[in-house]
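**Q** Here you go, sequence then predicted model.
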Amino acid sequence: MINIAEILKHAPKGTKLWSNNFGEVKLDSANSDGAYPIRCIDAFQNTRSFSKCGYYNELYSEYGECTLWPSKDHRAWDDGAYKILGIEKKPEAPFGLKPFDKVLIRDSFSDNWSADLFSHTDYDSYTCYVCVGNRWKQCIPYNDETKHLLGTDLNPPEKYRI
């Protein structure tokens with residue numbers, strides 16, 4: 001899943017975005033903390049909160065869809081999104097991962113975590129975490145805090161949730 005909060009934290013306050021739920025909204029803030037770190041203001045001056053992946057907080061489910069976009073006509077978080085938002089693309093790996101770091105990977109919340117070696121990110125793809133074995137939708141570091149997750153479908157500690 002693409003971490004939209006990481007993209008939007010580089011956009012200025014007031015940046016216009018599009019929400020399937022509320023139409024045009026303006027960015028109020030975006031950070032990496034909490035379950036709903038993206039805050040936008042709708043046309044009626046109401047604050048609307050979105051998850052790191054762009055889910056509206058009252059409609060979130062692990063099977064939900066992104067409802068926050070760069071514009072009404074551009075509903076993708078690709079290179080074009082950066083141009084629309086007027087920000088520079090910063091291809092950072094999650095959690096400071098470097099090539100060949102040990103990671104746990106999976107594609108959905110119901111899958112068990114498997115081990116792999118991290119290669120790089122490709123945010124232009126739905127499976128944006130490229131590892132030695134394959135491409136994945138979810139990727140976290142393998143360390144003392146996460147090693148108990150290997151082979152399970154348990155959720156990672158809060159600080160590793162994207």
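**A** Received, thanks.
**Q** Now do the longest helix seen in the chain, average pLDDT.
**A** If you go by DSSP state H, the chain has its longest helix at helix 79-85. Average pLDDT, helix 79-85: 83.
**Q** which strands and helices sit next to the following helix or strand past that helix?
**A** Counting by DSSP states H and E, the next helix or strand C-terminal to helix 79-85 is strand 102-106. Applying 3 or more C-beta pairs under 8 Å, 6 or more residues apart in numbering; DSSP states H and E, one finds that strand 102-106 contacts strand 114-121, strand 129-131, strand 138-141. Any C-beta I mention is one placed from the backbone N, CA and C, and that applies to glycine too.
**Q** neighbouring strands for the last one, and are they parallel or not?
**A** Looking at strand 138-141 with DSSP bridges, its paired strands and their directions are strand 102-106 (antiparallel).
**Q** What residues sit buried inside the partner strand?
**A** For strand 102-106, burial by neighbour count (16 or more other C-beta atoms under 10 Å) applies to 103-106.
**Q** Closest one to residue 160 out of these, please.
**A** Nearest to residue 160 among the buried residues of strand 102-106: residue 104, at 9.0 Å, using C-beta to C-beta.
**Q** tell me which residues form a beta bridge with the closest one?
**A** Residues in beta-bridge contact with residue 104 (DSSP bridges): residue 115, residue 140.
**Q** what comes up buried for the longest helix of the chain?
**A** So helix 79-85, judged by 16+ other C-beta under 10 Å, has buried residues 81-82, 84-85.
**Q** Could you list the domains of the chain?
**A** Following automatic domain parsing, one finds the domains of the chain at 4-85, 94-153.
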